[in-house]
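S.K.: below: sequence and its predicted model.
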Amino acid sequence: MTVLAHELAAVPSETATVTSAGQETAITSAAAAVAGDVEAALALADHQPAGEAAVRLRERLREHVRTLAVPAERYADVLPESREKDIAAGTVRFARKVARDCGSDPAIALRLLAKSVAHLARYTDLLRST
């Protein structure tokens with residue numbers, strides 16, 4: 001798949017929002033935008049990881065991490081003490097670390113951010129289904 005800069009510019013920069021109402025957590029997300037950003041980042045990492053479009057995409061992925069980390073952390077918190085809980089909590093910590101600093105290689109940064117967003121989105125979906 002080839003992704004052109006003008007195609008990335010057309011992707012909406014919506015981010016997920018999290019609101020709490022009592023016991024219930026309502027998560028309104030632009031799941032398609034998040035999935036599109038992940039897919040675009042992985043494609044750009046292989047073909048053109050530098051440039052203005054890649055910079056904007058990395059920033060959107062960082063914002064996705066910041067937004068999705070909250071419900072993903074809640075998901076980890078509700079799990080019983082187990083290896084699964086440790087992995088979920090570690091994934092959230094790692095994603096936040098990657099969002100702060102993922103090194104100077106743009107291809108690696110895109111891959112790490114994309115995979116982190118994908119994992120956090122999955123935990124967010126699991127929280128919704130519990």
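M.R.: Here it is on my side, so go on.

S.K.: give the contact list for the residue nearest the centre of the chain.
M.R.: The chain has residue 117 as the residue nearest its centroid, 1.8 Å off, counting by CA atoms, centre = their mean. Neighbouring residues of residue 117 by CB atoms under 8 Å, 6 or more residues apart in numbering: 34, 37, 38, 61, 64, 65, 68, 95. Every residue, glycine included, has its C-beta placed from N, CA and C.

S.K.: put the buried members of those residues into a PyMOL selection.
M.R.: This is how PyMOL selects the buried members of those, with burial counted by 16 or more other CB atoms under 10 Å:
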select buried, resi 34+37+38+61+64+65+68+95
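
S.K.: show me which pair in the contacts of residue 117 is furthest apart.
M.R.: Farthest-apart pair in the contacts of residue 117 is 37 and 95; separation 14.2 Å (CB to CB).
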